[in-house]
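> Predicted model follows, preceded by the sequence.
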Amino acid sequence: MNTSLKNTARLLGAGLRALLILTVVCGVLYPLAVTGVAQSLFHDKANGSEISDGSGTTVGSSLIGQSYDLPKRNPDDADEAAEPDLRWFQPRPSNGLGSNSVNQRYTLILSGATNRAADNEELIGWVKAAKAAVVAENSTPDHRVRPQDVPADAVTSSGSGLDPHISPAYAKLQIHRVAERNHLGVERVAALVAAHTEGRTLGFMGEPRVNVLELNSALKDLGKG
């Protein structure tokens, strides 16, 4: 009996020591080491890839798209569709899973696609309506947008519904409208778009793209200049 108790006590002691050591190593030292490496080598990414405006105020993350809409006439009306604020470059549509009443800057509760087939009548209706809106909103007295000039990303949402980027073609399509609404020269706005156009990753992965939040932050600073 005494031997059995001693063996049991020894096993319990070994288990408690292992628990204590693993708790310290895995629950304290390892997280501290990973956090330290992330903060020292990847500070911006570790903190959410935040974007700041010219005044140093954080305006969002470069990884998550934002909407640029006018205030609703009736904020309590869930069925009222917000109208786009045409002073700004507009992102891709975000026809996803629902509205977010907590943070109106993001229009989705969850990250997800519309899950509709290419021949779905509702999706086709969305695309046609979005295309007509893009043509009407971006046509100015001096520049007429043709339906065939509207790129696919201007009328379709991404797989996540939160894509922060648009194609250079969609950004260029909006230049005349943005310039007119902000009383800026077309050349200045075009140069801004060119400066914020990113190439393919490593030169061959993905497509050229423009981060809408970064572009609009630069546009805001340009308007102050």
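Thanks, I have it.

> beta partners for the residue nearest to residue 90 when sequence neighbours are not counted?
Of all residues not flanking residue 90 in the chain, residue 84 sits nearest, at 5.5 Å (Cβ to Cβ, 6 or more residues apart in numbering). To be clear about C-beta, it is placed using only N, CA and C from the backbone, and glycine gets the same treatment. In this structure, residue 84 bridges to residue 69 when assessed by DSSP bridges.

> Residue 84 reaches residue 93, doesn't it?
No - using Cβ atoms under 8 Å, residue 84 is not in contact with residue 93, being 10.4 Å away.

> So for those two, which residue has more residues nearby?
Relative neighbour count places residue 93 above the other of residue 84 and residue 93, with 23 against 15, counting by other Cβ atoms under 10 Å.

> What helix or strand is the more buried one located in?
Using DSSP states H and E, residue 93 is not contained in any helix or strand.

> I'd say it and residue 126 touch.
Yes - the criterion here is Cβ under 8 Å, and residue 93 meets it with residue 126 at 7.4 Å.

> show me what contacts residue 222?
Residues counted as contacts of residue 222 (Cβ atoms under 8 Å, 6 or more residues apart in numbering) are 184, 188, 192.

> same check, this time on residue 172
Each residue near residue 172 by Cβ under 8 Å, 6+ apart is listed here: 190, 193.

> Can you point out the buried residues in the one helix or strand it maps to?
Following DSSP H and E, one finds residue 172 within helix 168-173. Judged by neighbour count (16 or more other Cβ atoms under 10 Å), helix 168-173 contains these buried residues: 168, 170, 171, 172, 173.
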